[in-house]
Every structure is written in C-alpha cells, then in structure tokens.
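Engineer: predicted model, plus sequence, below.
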Amino acid sequence: MTQRDSGHGPDHTHRHVHGHGEARDRSGDGGQDPGITGGQEPGAEQQDAAGEVLPPRCDSASPDTGHEGTGRSDIALRGPAELADALPYLLGFYPDDSIVVVALHGPRGRFGGRIRLGIPADREEWPAVAQQVATCLEGEVRSGERRPDGAILFLCQDPSAAERREEVMLRLAPLAQSLRTACGARDIPVYEALCLSAGHYWSYCCPDAACCPREGRPVGASGTSAMAAAAAYAGIQVRGSLREMERRLTPLGSPVAEPQEKALDVASETLVPRMLAPDGCTAVRAQTLRLARSWIARLREAVPDDDECARADAHDDALIGHEEAAAMIVGLQDRKTRDRAAEWMEGTDSRPALRLWRALARRCVGPYGEHAAAPLTLAGWVAWSEGDRPSARIALDHALRSDPDYVFARLLHRAFNDGMDPEPLRRCMRKERDARQGRRLPREHDPGSSVGRHLP
C-alpha cells in the first residue's frame, strides 16, 4: 500500500462554493472511486504554541479516497441541506457536542483537512477556542504547503431536556460568530456556517427566513444523498455517533465498578511485586499473554447475536470475569507484554482482540483510569491496522486522555496523523515474531516478541 491509508489513492475532492447555492464535489480523479472519511493531509497535526501535539483536544483530517476503481464521480452538494447530510461521511461518525471545521483549498474549493473538538460548556471560553481553531486551521490544516483558502463550519449539539432545538441554534450563534471572525481575520473566509441539532439544521450565513426558517429544516433521510451513495460505493461506513463510539471505551459504572475495583486492588498487590522482580516478570508476562490468548480464542467463537454496539459490548462484558480482567489489565502495564499483545492485529485474531481491548478499557474503573492507556492504545492500533480510522482515532485520543505521556499512544497517534501506512509496522512485528519463534508462521498465529525498540 503506497498511499497514506489502506489502499486509498490521492485525494481529488473538489467543491465549488457559490454563495448559498449549489456546491459540487468532484471525487475520483486519476481513476479512483469517491471517498469521504478518514485521514489527514500530510503534516497536518494540532500543536500549541510550543509545538506539542494535542490529540485529545482537536483532531484534523482530510478526506480519503475510496478503493481503486475506474472512472470518476461528480458529487453535487446543493446548499446547506446536503452539506449537513455530508458531515457524518466526512468524519466517519455523527459528531456530538462538536465544533467541526472543514478546510477548502484552491479556486474550486477542494475539501482539505478537518478540525473537530468539543463545544466548551463555559461560554467564556468560546473566544479563546475560536482563536485556537483559527490558528490551527491557518497553520496546521494544510494541503501540501498551501494554507486553506476558505472553510465550512458546523456546530453540532442536541438540546438539553430544558430547551428546544431552535434555542440551541440561538445559544450557539455567538460561538459561530467568534469562529467566523477569527477565521476571517486570517483571510480564511467561512463560506457556510451550519448548526445541527435534533435532526435539523440552520444556516448562520443565510438571512432569508423563507430559506432558513427559525424552526430549522430537517436533515434529509440518512443514506439517500449523493454523498451517501458515493460513500456506499467506496465501501465507507458511518459508525454511529461520537457519543456511542466513546461509550464503548468508557469505564463501566454500577454494579460492575465496585467488584472490578476490588479485583484490580488484589491483582495489583499480587502481580506488581512479581513484575518488578527480575525473576518474576517473565512468568507474569507469559501468564498474561496466555490468558489474553485464551480470551481471544473464546471471543472468536462467542460472537454476539446482536450487531448493535451497546448490546454487543454487554455480551462481552458478561463473559469476562472481574479477576481475569484485572489480571490482564495489570499485566498489560508491562511494556513488553503490551508490545507482544499488539501482534494480534490481523487475520482471524484482530476482531476478537479489538473486542477484548475495548472490554478491558471499560474495566479500568475508579483510580485505575490510567491503566486504560494500554488497552486503549491496543484498541486504536488494531482498529487502524484493520482500516477503521475513525475508531482508531477515538481510541488513541482516549488513551492519551488517560495518560498524556503514554509513549506508545503518542507515537501511534503521530504516525496516524502523519498519514503513515500501518503496513511497515505490521511487517516489523511479523519479522520479530518469526525471529523469536525461529520459523515462519501464518499471520494469525500467536503474538511474538516485543517491538519495544521500534515503539517504546
């Protein structure tokens, strides 16, 4: 794979912006199928003034094209309704409580990088956030060496129990204005600014009440637009809402949390002294990997009957006991154990491994929140290896929220954002596994030696 994502070709999406009227995207130049979701323009990462990457706060990405094919596709986006419909295909999920900015490049407004971050609850933070977004848009969300020539803004938030959807639009209007002003001050005009709430949209740029009434207009039925058709043709999925995807990685509450915390206390008291002892670490490592291997085999056979995420996760949570979960969580705090576990990344192992790492992340309850960095990073790595970029990004973001200094997550997140193809890293892992085992094994066999000297 030579491009920045799994088999995807170069980005050739264009958009003409004609005020409030028709917009047209052209995808698939150079014999590529249209594609909507995914990666990031090379070199587009979020940084603060000191140049540090800030993955938990803001993610930016550019549209990836689909799988190789023939011909080209013109996608017409006629005004704010189809822009609103296109948003989940641009991100790979439905954003909740989010500011989303899509950069436009060139005279035809080619879709470029994207910025997404949460809407601050404190209105006093909005001006500073607007400046941060505009700075990120100007300096980091680039197409090659070109800064954006324009942008499209989305504010996505559903109403609380005490407010109506149109009140959300009015409440967020000052935030939209701050963002438009901050971008405009950097000569990056915001051609369209939309509010999406409770299945409706409003344009902050349209003064015509007949076109954009106060009560909003309903977003079209999912899956019926030209963008949806292009995404389906490219094999791209929208993986639910951001809130649903984050819930899959969130520690469980009552009644699981209390017994799980006690099991983690016992596992820590038992295993950590052994892991710190020179003669005990190897035994704990082998024990952890045997236990994880057995659970991957069990999850491979115990496939949930329901594909709905919450019920599928509940199925897995009911299978794994507190003591076994605790033993794996504590054991994965060892770098070499975690690195060997990362080799369950493909073939028949990847799906059950991803389910296991998510389940263990959900068991990192109470004071053990930082322990989630290991399973969350493994979940991000496996999702990335399997081509699920939205899930990978969210898992890696959560890993760095759990532990901002977790080196494995930082390196993977940087490689992911820099557009690196995961295949070279997979080859490295296979090579070290085969060297340790002394013979060539199929890819789906058990994980092997540490890759720590490549990803500390």
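Structural biologist: Received it, and whenever you're ready, just let me know what you need. Not measured: the values here are computed from a predicted model.
Engineer: does V102 count as helix, strand or coil?
Structural biologist: strand (DSSP: H, G, I helix; E, B strand; the rest coil).
Engineer: and if you look at the one 5 residues further on?
Structural biologist: Of the three states, P107 takes coil according to three-state DSSP.
Engineer: one more: the one 10 residues further on?
Structural biologist: Reduced to three states with three-state DSSP, the structure at L117 is strand.
Engineer: got the domain ranges for the protein?
Structural biologist: Segmentation of the chain into domains, based on automatic domain parsing, reads 14-239, 248-437.
Engineer: CSV for these, including mean neighbour count?
Structural biologist: From N, CA and C alone the C-beta is placed, and that goes for glycine too. Converted to CSV, the domains of the chain look like this (neighbours: other Cβ atoms under 10 Å):
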stretch, mean neighbour count
domain 14-239, 19
domain 248-437, 19
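Engineer: need the ones you listed in JSON lines (columns: mean pLDDT).
Structural biologist: Converted to JSON lines, those look like this (pLDDT from 0 to 100):
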{"stretch": "domain 14-239", "mean pLDDT": "73"}
{"stretch": "domain 248-437", "mean pLDDT": "94"}
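Engineer: which SS state does G253 fall under?
Structural biologist: coil.
Engineer: now C156: phi and psi?
Structural biologist: phi -120, psi 120 (degrees, to the nearest 10).
Engineer: quick one: it and P95 touch, right?
Structural biologist: Yes: with contact defined as Cβ atoms under 8 Å, C156 counts as touching P95 (4.7 Å).
Engineer: which residues do the two both contact?
Structural biologist: L87 (Cβ atoms under 8 Å, 6 or more residues apart in numbering).
Engineer: ok, now which ones touch the residue of the chain positioned farthest from its centre?
Structural biologist: Note on the chain: the largest C-alpha distance from the chain mean falls to D279, namely 39.6 Å (Cα atoms, centre = their mean). Going by Cβ under 8 Å, 6+ apart, D279 touches no other residue.
Engineer: ok, now L360?
Structural biologist: Contacts of L360 (Cβ under 8 Å, 6+ apart): 320, 325, 328-329, 332, 372, 375.
Engineer: please name the residues that touch R358.
Structural biologist: 248-249, 313, 316, 375, 379, 395.
Engineer: also L170?
Structural biologist: Counting by Cβ under 8 Å, 6+ apart, L170 touches no other residue.
Engineer: now it: how far from A81?
Structural biologist: 20 Å (Cβ to Cβ, to the nearest Å).
Engineer: and if you look at R147?
Structural biologist: From R147 to A81 the distance is 29 Å (Cβ to Cβ).
Engineer: same question, A353
Structural biologist: 41 Å.
Engineer: likewise for S225?
Structural biologist: 9 Å.
Engineer: do the same with R108
Structural biologist: 21 Å.
Engineer: also T181?
Structural biologist: Distance of T181 to A81, given as Cβ to Cβ: 26 Å.
Engineer: quick one: secondary structure of the spatially closest residue to V382 that is not a sequence neighbour?
Structural biologist: Excluding its sequence neighbours, the residue lying closest to V382 (Cβ to Cβ, 6 or more residues apart in numbering) is L354, at 4.6 Å. Secondary structure, three-state DSSP: L354 is helix.
Engineer: report the central residue of this protein.
Structural biologist: Mean-position check on the chain, Cα atoms, centre = their mean. Result R393 at 2.8 Å.
Engineer: and the end-to-end length of stretch 345-354?
Structural biologist: One end of stretch 345-354 to the other measures 8 Å (Cα to Cα, to the nearest Å).
Engineer: what helix or strand does the closest residue to H322 other than its chain neighbours sit in?
Structural biologist: Closest residue to H322 apart from its sequence neighbours, by Cβ to Cβ, 6+ apart: A263 at 3.9 Å. Assigned by DSSP states H and E, A263 falls within helix 257-276.
Engineer: chain center to the helix or strand following that helix, what's the gap?
Structural biologist: Later in the chain than helix 257-276, the nearest helix or strand by DSSP H and E is helix 281-301. Chain-centre distance of helix 281-301: 27 Å, with Cα atoms, centre = their mean, to the nearest Å.
Engineer: other SSEs contacting helix 281-301?
Structural biologist: Packing partners of helix 281-301 (3 or more Cβ pairs under 8 Å, 6 or more residues apart in numbering; DSSP states H and E): helix 257-276, helix 309-319, helix 322-331, helix 335-341, helix 350-362.
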